[in-house]
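Novice: Dropping a prediction and its sequence here:
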Amino acid sequence: MAVIRANAIDIHYQYLGSGEKTVVFHHGLIMDNLSSWYFTLGTRVSGFARALMYDLRGHGKTQRPESGYTLPDFVADLAALLDGLGLVDPVYLVGNSFGGILNLAFALAYPERTAGIVLIDAHIGDSGFAADMTETLSLEGDARDRAIAASFKTWLGRHSSRKRNRLADNAHGLVYGTSLVHDIRNFRPISEHSLAEIACPVLAIYGEHSDIRDKGEILKSLLPQCDFRVIKGCTHSVIWEATEELCEQVTRWLTCQ
Amino acid sequence: MIMEESLKGNILETVAGFIRDVIGEDYMDDMDIVLETTFADDLEMESIEIVEFAEKIRDHYGERVDFAQWLSAMELDAIIHLSVAEVVDYIDSCLT
């Protein structure tokens, strides 16, 4: 298993393909990991670029430290990962849901290392994000587990009926065994003023019926270069509801850059 | 014919070994891995475990077997119901 020590944790990553461009993928929060990309967009992108997928801290096969789940921690992880892998040229960032916030925060912290951003039904890190997440994560016991499961749909995890569901176990450990909930509750929003400073190309794809579609519209109003698109009939789970269309649109956009 | 069966037998042995490595013996519950075994229904493998399995396949067989590409072309339902036999047949087709 490919693991690298970066920012004082062991990060599980996967490379697919090769090429001059590097595209880094960020999955969603809690019930998600790099596998969401591995058999979908990651493989497609590997046909013309180097696709780098990794499990965020506390997720998948990456180490789960007890603390350090603020946005700057996730940004520092990516910077250290790129350094560790010797990736010095600017990279493209693709992010789903929470992964989109990470893309935006990284682009603001390291504009010289960000070639472009793809957001897939992404949160944008405004005050609404912290409020929504806090509401979900403030529930207790089974109610919290149900809310998390409903909010963070995953691929095979949705279909597994076994009692010993390791994905759920991991999510449980992340929510109850780390500072994640505390850190999200104290999330420092990214201001619209800051977002407006992002200068790289941005593709923002949202589901027509997504409850956060307005985030894409906000981005479009702040960033003239933002290519904002809506996929009909989809909710927040665009990545699963319109996988093929999404792959086509994103790969076409990336190859044109 | 005998050689073909032998190759498939070797592939099955290799694949079964990788599955045991990924899942861990503690979770196997004495389950035999045979051609009819399915990844999701029988083994209840999570998607991140299938990634780990794919990495082992790539490391072992090299670029001749592009397991990730093969899976990415499948519909979700097909992956859910994927059997060991299908994987063995696919690897066999790449090697012969």
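Specialist: Sure, I can see it.
Novice: helices and strands of chain B: which one has the lowest mean pLDDT?
Specialist: The helix or strand of chain B with the lowest confidence, counting by mean pLDDT, DSSP states H and E, is helix B:25-28 at a mean of 68.
Novice: mean confidence for the helix or strand just after that one?
Specialist: Downstream of helix B:25-28, the next assigned helix or strand under DSSP states H and E is helix B:47-61. Average pLDDT, helix B:47-61: 90.
Novice: what's helix B:47-61 packed up against?
Specialist: Packing partners of helix B:47-61 (3 or more Cβ pairs under 8 Å, 6 or more residues apart in numbering or on different chains; DSSP states H and E): helix A:35-38, helix B:2-23, helix B:67-72, helix B:84-95. Quick note: C-beta positions are derived from backbone N, CA and C, even for glycine.
Novice: Tell me if I'm right that residue A:109 and residue A:75 touch.
Specialist: Yes: using Cβ atoms under 8 Å, residue A:109 is in contact with residue A:75, at 5.3 Å.
Novice: Please identify which of those two sits among more neighbours.
Specialist: residue A:75 (21 against 15; other Cβ atoms under 10 Å in any protein chain shown).
Novice: what about that one, distance to chain B?
Specialist: Between residue A:75 and chain B the computed distance is 23 Å (Cβ to the nearest Cβ, to the nearest Å).
Novice: And residue A:17, how far from chain B?
Specialist: 10 Å.
Novice: What sits closest to residue A:118 if chain neighbours are left out?
Specialist: The spatial neighbour of residue A:118 that comes closest, neighbours along the chain excluded (Cβ to Cβ, 6 or more residues apart in numbering or on different chains), is residue A:94 at 4.2 Å.
Novice: so where's chain A shaky on pLDDT?
Specialist: A:136-168 (pLDDT under 70).
Novice: in it, which residue is closest to the centre?
Specialist: By Cα atoms, centre = their mean, chain A has its centre lying nearest to residue A:99, at 1.6 Å.
Novice: one step back: how distant is the strand or helix carrying the residue nearest to residue A:118 from the center of its chain?
Specialist: Using DSSP H and E, residue A:94 sits in strand A:91-96. From the chain centre to the centre of strand A:91-96 is a distance of 8 Å (Cα atoms, centre = their mean, to the nearest Å).
Novice: So what touches it?
Specialist: A:21-28, A:32, A:36-37, A:41, A:45, A:49, A:52, A:82, A:101-103, A:106-107, A:113-122, A:239, A:250, A:254, A:257 (Cβ atoms under 8 Å, 6 or more residues apart in numbering or on different chains).
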